[in-house]
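*Asks:* Model the following, please.
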Amino acid sequence: MAKLIYSAIGSLDGYLNDSEGRYDWAVPSDEVFAFINDRERSAGTYLYGRRMYEEMIAWETGDFTAEGPLMEDFAHLWRKAEKVVFSRTLAGVSTSRTRLMREFEPESIRRLKESCDDDLLIGGAVLGGQALEAGLVDEVQVYFAPILIGGGTRVFPSNARVPLNLVEHKRFDNGMTFHRYACAGHGQP
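*Replies:* Numbering: from 1, shown residues only. Predicted structure coming up:
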């Protein structure tokens, strides 16, 4: 059975973006980007809400050959993965290997986990929060940037209570850190 992994890059004070919606402070260094790409290789499916999906479309439509091998590599990984977008308002999807679901239904995610061989990555604060609250997330992987931004969209929902066990930690040269946690009660340490 595949694992459902909530992955995010946040500020040290726990935000995905600032109060104006910017996240330019979260751009990974080459070292972090290479590490992220290696992590993403195990993903066969990405789960997104509308906003995250709209941000990620560029990875299919953009030409990253001039941007360097790390961006090219990520674009390749993203294009080969399946994508599921959860949205009540999106008229349709414009990327390949992508399907649209109108409602987030925990039971359908459980079935998806059971049917997949490769891991599923879930991104976005709202969708990730719903999955955490439903007890669907097996791992949390968070990259913290060494910055305090004081407000914005929270990495985790304020009402989630999920016991976590630290299974991996890494510090990068730019001061960013990576934390991988197993969600307690999911048969993991």
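*Asks:* Please enumerate the helices of the chain.
*Replies:* Using DSSP state H, the helices of the chain run over 30-40, 50-56, 58-61, 69-80, 106-115, 125-133.
*Asks:* Please convert these to JSON lines, extending it with distance to Val142.
*Replies:* Every residue, glycine included, has its C-beta placed from N, CA and C. Converted to JSON lines, the helices of the chain look like this (distance: least, Cβ to Cβ, whole Å):
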{"stretch": "helix 30-40", "distance to Val142": "12"}
{"stretch": "helix 50-56", "distance to Val142": "16"}
{"stretch": "helix 58-61", "distance to Val142": "21"}
{"stretch": "helix 69-80", "distance to Val142": "18"}
{"stretch": "helix 106-115", "distance to Val142": "20"}
{"stretch": "helix 125-133", "distance to Val142": "10"}
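*Asks:* Gly152: which of the ones you listed is closest?
*Replies:* helix 125-133 (9.6 Å; Cβ to Cβ).
*Asks:* could you give the angle of that closest one to helix 106-115?
*Replies:* If you take axes from the mean of the first three to the mean of the last three Cα atoms, to 10 degrees, helix 125-133 sits at 80 degrees to helix 106-115.
*Asks:* just how off-centre is helix 125-133 within its chain?
*Replies:* Its chain's C-alpha centre and that of helix 125-133 lie 11 Å apart, by Cα atoms, centre = their mean, to the nearest Å.
*Asks:* If anything else comes up later, I'll come back, but that's it for now.
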